[in-house]
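J.: Sharing a sequence plus its predicted fold:
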Amino acid sequence: MDRKKTTWLTALAVALALVGAAKNSARAEHSPSATGPFEGHGDVGKVLHAGSVEYDAAKRSYTIAGSGENMWFASDAFQFVWKKVSGDATLTADISFLGKGVNEHRKAVLMIRQSLDADSPYADAALHGSGLTSLQYREEKGAATHEIQTNISAPARLRIEKRGAYFSLWLADNKGEFYLASGSTRITLKAPFYVGMGVCSHDKDVVETAVFSNVDLKTAQPAAAAASTLYSTLEIITAASADRRAIYVAAERFEAPNWMPDGKSLLFNRSGHIEKIPVTGGTPQTIDTGFATRCNNDHGISPDGTQLAISDQSQEEQRSLVYVVPIGGGPPRRITQKSPSYWHGWSPDGKTLAFVGQRNGDFDIYAIPASGGEETQLTTAKGLDDGPEYTPDGKYIYFNSERTGHMQIWRMRPDGSEQEQVIFGEYNDWFPHVSPDGQQLVFLTYDASVTGHPENKDVMLRLMSLKDRKITVLAKLFGGQGTINVPSWSPDSRQFAFVSYQLWPKENTEK
C-alpha cells in the first residue's frame, strides 16, 4: 500500500476516534445516568476547582460539589445541574450540606435562571451553611443581587416556584406541608430558561458538597384568582441595599404597617382590628379599640408614641371617621364630625392631624386639631387629593394629587399655601412617606394605565432623595391598596415596612 495513503488513513482514523471521544464525553455529561431527569451540569462563572455531580436514581438524589467565590453582586460562580424549561415550574428538594464547611455563607440553591452566563438574571431558594434561608434574585443581566430573608433557619425541604413573572419561596413543616415563607419578586425571563440545583462554596479555594434528595421538578399552571389563596407578607426593606426580610405571612389580607417610635414593633390592620407584632416576627396581638371594630388601613402613631389615630367605619352610616385611642388600647375619642374621613398624618408637635375627607362629592385634604374641633380645608383643586403627611420639621405636607390628569406627588405648606408638584412622569404615584431624618421619600407606583389605588396589581416601591430628587426602584411586587398607605419608616430612617401580596393555587400547600 502506498505510504502516503497509509499515513492519510491513519490520520483519518485518529481524527474519527477523537471526534467519537468528544461525542462520548459530551454524551456522558448530559446523559440520564449522570444527571437524571436534568439535561446537563457544569460550572457557571469563574471557578478555580471544577465541580461535580453524582446522581442516585433510586433515591432521586444528587450529590453536588461546587467551588466559587460567591453568588451575589453582579456575577456568580458555582456548580449547576440544569434543565431547559418553558412556562411555569416548581422545583422542590430536601437539602443538606456534607461536613462542617469552611465558610458559613456556602450556599445550596434551587434556581431558575435565564442563561448560563455568570451575570444572568435569576431567582433562587438559597440555603446557607449558617442556616439562613432566603429568596435571592437578580432582576436584570449584570444587575446587583438582592434577597428576601425568611424567619426560618435551616429548613429540611425547600421549593422555588415560578408563576408568570413572580417567584416565591416555600418551606415545608415537620409534617411535610408547605407554607409560603417570603414575599415574592417580579422578574421577566424569556423561554426557554434554566431550572436546576447549584452549590457555591463562597471560598474560591474550597470545594463544598451538598445533597439534594427527593428532587421533584414539575410544570405549573398560572394561578387563577378564582381558585387561588391570597397571601399577605409583612416585610421590612433596607433603603440602602434594597434587601428585604419577611416578618409575618398569613393566608388572608392584612394591610398598612406603622413602625412604633421605639423601633421594636409594627402595627397593621386586619379584619377591622389593629394588631401589633415585634419587628423580629412572632404572633400578632390585637389592640383594644373599643367599639371601633371596622378599622381601615388609615392609622398612625403620635410623635410621642402615646396615642394611635385610627379610621373606623363602624358607627353612624358606616362611613369612615377619625378617632384617637391610647397606644396600648382603650376607648376611642372622636376627632372628625363629618364623614367619610381618613387619617394620614400627624404634625411633629402632635397638635394637628391631616386627613382626607369627601365633602360635596370631592376628596380633599384637611387639617384638624388632635384634641378635636373645626376642620380646615387645605386643597381645592379638582380631582382626588390624598395621602397627606407632614415632614419631620413640620414645614411641608407631602401628598398625592391627580389634578394634572394622573396621580403625582405634590407638597404644600401646612396652611395649604405654595402647592407644587414634586415628581413628574408617566406613572401613577401614591402615598409619599418622608424618612424621619427628612432625607428620603418612599412612595408607591402603579403603571400609567391603572386608575385609583386598587389592590392586587403589579406595583413598585420607589425611593427619591429629597436633596437631588433622584429616584430609584427598590422593589417590584404584587400589591397596591394596603402596601404602604400610612407612615412606615423605622425611627433610624434606614428601613421601612410594607405589605406585599401573592395569589397562589390552593394546592401549593401539598407535599
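T.: Right, received. Where do you want to start? Quick caveat, the model's predicted, so the values are computed rather than measured.
J.: So for the helix or strand containing residue 96, what gets flagged as buried?
T.: Counting by DSSP states H and E, the element that carries residue 96 is strand 88-98. Residues of strand 88-98 classed as buried by neighbour count (16 or more other C-beta atoms under 10 Å): 88-95, 97. In this view, the C-beta of every residue, glycine as well, is placed from N, C-alpha and C.
J.: Just send those residues back as JSON lines, with pLDDT and distance to residue 59 too.
T.: Below are the buried residues of strand 88-98 laid out as JSON lines (pLDDT from 0 to 100; distance: C-beta to C-beta, whole Å):
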{"residue": "88", "pLDDT": "95", "distance to residue 59": "27"}
{"residue": "89", "pLDDT": "96", "distance to residue 59": "22"}
{"residue": "90", "pLDDT": "96", "distance to residue 59": "20"}
{"residue": "91", "pLDDT": "98", "distance to residue 59": "17"}
{"residue": "92", "pLDDT": "97", "distance to residue 59": "15"}
{"residue": "93", "pLDDT": "97", "distance to residue 59": "12"}
{"residue": "94", "pLDDT": "97", "distance to residue 59": "10"}
{"residue": "95", "pLDDT": "97", "distance to residue 59": "14"}
{"residue": "97", "pLDDT": "97", "distance to residue 59": "17"}
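J.: between these, which is nearest residue 150?
T.: If you rank the buried residues of strand 88-98 by distance to residue 150 using C-beta to C-beta, residue 95 comes first, at 14.0 Å.
J.: Any chance you could give me the strand holding residue 96 in PDB, C-alpha atoms only?
T.: Extracted in PDB, the C-alpha atoms of strand 88-98 (Å, rounded to 0.1, in the frame of the first residue of the first chain):
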ATOM      1  CA  ASP A  88     -44.300  28.000  34.900                       C
ATOM      2  CA  ALA A  89     -42.500  25.500  37.100                       C
ATOM      3  CA  THR A  90     -41.800  24.400  40.600                       C
ATOM      4  CA  LEU A  91     -38.600  22.700  41.900                       C
ATOM      5  CA  THR A  92     -38.600  21.000  45.300                       C
ATOM      6  CA  ALA A  93     -35.900  19.200  47.300                       C
ATOM      7  CA  ASP A  94     -34.600  18.200  50.700                       C
ATOM      8  CA  ILE A  95     -31.200  19.900  51.100                       C
ATOM      9  CA  SER A  96     -28.300  19.100  53.400                       C
ATOM     10  CA  PHE A  97     -24.600  20.000  53.500                       C
ATOM     11  CA  LEU A  98     -21.900  17.400  53.900                       C
END
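J.: which helices and strands does the helix or strand following that strand pack with?
T.: With elements assigned by DSSP H and E, the helix or strand that comes after strand 88-98 is strand 107-113. In terms of contacts (3 or more C-beta pairs under 8 Å, 6 or more residues apart in numbering; DSSP states H and E), strand 107-113 is packed against strand 78-85, strand 88-98, strand 122-128, strand 157-163, strand 193-200.
J.: list the buried ones in strand 107-113?
T.: Neighbour count says strand 107-113 has 107-113 buried, by 16+ other C-beta under 10 Å.
J.: any idea of the mean pLDDT for that strand?
T.: Across strand 107-113, the average pLDDT comes to 98.
J.: do the same with stretch 391-409
T.: The model assigns stretch 391-409 a mean pLDDT of 97.
J.: Tell me which other helices or strands the strand holding residue 96 touches.
T.: So strand 88-98, by 3+ C-beta pairs under 8 Å, 6+ apart, packs with strand 107-113, strand 157-163, strand 193-200, strand 208-220.
J.: at 10 Å instead, please
T.: When contacts are defined as 3 or more C-beta pairs under 10 Å, 6 or more residues apart in numbering; DSSP states H and E, strand 88-98 sits against strand 61-66, strand 78-85, strand 107-113, strand 122-128, strand 157-163, strand 166-172, strand 193-200, strand 208-220.
J.: nearest to residue 271, of those strands?
T.: Judging those by C-beta to C-beta, what sits closest to residue 271 is strand 166-172, at 24.0 Å.
J.: and that closest one with strand 157-163, angle?
T.: Strand 166-172 runs at 160 degrees relative to strand 157-163, counting by axes from the mean of the first three to the mean of the last three C-alpha atoms, to 10 degrees.
J.: Show me what the helix or strand just after strand 166-172 is packed up against.
T.: Scanning forward in sequence from strand 166-172 by DSSP H and E, the next helix or strand is strand 178-180. Here strand 178-180 touches strand 157-163, strand 166-172, strand 228-238, strand 244-250, going by 3+ C-beta pairs under 10 Å, 6+ apart.
J.: Pairing partners for strand 178-180, with directions?
T.: Strand 178-180 pairs in its sheet with strand 166-172 (antiparallel), by DSSP bridges.
J.: where does the partner strand sit relative to the chain's centre, distance-wise?
T.: With C-alpha atoms, centre = their mean, to the nearest Å as the basis, strand 166-172 stands 12 Å off its chain's centre.
J.: In PDB, please show the C-alpha coordinates belonging to that strand.
T.: Taking C-alpha atoms only, strand 166-172 is exported to PDB below (Å, rounded to 0.1, in the frame of the first residue of the first chain):
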ATOM      1  CA  TYR A 166     -43.400  36.100  40.000                       C
ATOM      2  CA  PHE A 167     -41.000  33.900  42.000                       C
ATOM      3  CA  SER A 168     -41.700  32.700  45.600                       C
ATOM      4  CA  LEU A 169     -40.000  30.600  48.300                       C
ATOM      5  CA  TRP A 170     -41.900  27.800  50.100                       C
ATOM      6  CA  LEU A 171     -40.800  25.700  53.000                       C
ATOM      7  CA  ALA A 172     -42.200  22.500  54.500                       C
END
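J.: End to end on stretch 101-112, go ahead and measure it.
T.: 25 Å (C-alpha to C-alpha, to the nearest Å).
J.: need the strands for the stretch 401-511 of the chain, in chain order.
T.: 408-412, 420-421, 428-434, 440-446, 457-465, 471-479, 495-505 (DSSP state E, counting those that start in this stretch).
J.: between the last one and strand 428-434, how many degrees?
T.: For the pair strand 495-505 and strand 428-434, the angle between their directions (the same axes, to 10 degrees) equals 140 degrees.
J.: CA atoms of strand 495-505 as PDB?
T.: The C-alpha coordinates for strand 495-505 follow below in PDB (Å, rounded to 0.1, in the frame of the first residue of the first chain):
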ATOM      1  CA  GLN A 495     -35.700  50.800  56.800                       C
ATOM      2  CA  PHE A 496     -39.400  50.800  56.200                       C
ATOM      3  CA  ALA A 497     -42.100  48.300  56.400                       C
ATOM      4  CA  PHE A 498     -44.700  47.300  53.800                       C
ATOM      5  CA  VAL A 499     -47.100  44.500  52.900                       C
ATOM      6  CA  SER A 500     -46.800  42.500  49.600                       C
ATOM      7  CA  TYR A 501     -49.400  40.200  48.300                       C
ATOM      8  CA  GLN A 502     -49.400  36.900  46.300                       C
ATOM      9  CA  LEU A 503     -52.100  34.800  44.700                       C
ATOM     10  CA  TRP A 504     -51.100  31.100  44.600                       C
ATOM     11  CA  PRO A 505     -53.200  28.000  43.800                       C
END
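J.: could we number from 8 for the rest of this?
T.: Right, with 8 as the first residue, what we last looked at is strand 502-512.
J.: Let me see the mean pLDDT of it.
T.: Per-residue pLDDT over strand 502-512 has a mean of 95.
J.: Could you list the low-pLDDT ranges of the stretch 8-157 of the chain?
T.: 8-40 (pLDDT under 70).
J.: returning to that earlier point: which one of the helices and strands packed on strand 114-120 lies nearest to residue 506?
T.: Comparing the helices and strands packed on strand 114-120 by C-beta to C-beta, strand 164-170 comes nearest, at 19.2 Å.
J.: So what angle separates the directions of the closest one and strand 235-245?
T.: 100 degrees.
J.: buried ones in strand 164-170?
T.: So, applying 16+ other C-beta under 10 Å, buried residues of strand 164-170: 164-170.
J.: Tell me which of those has the lowest pLDDT.
T.: Least confident entry in the buried residues of strand 164-170, by pLDDT: residue 170, with 93.
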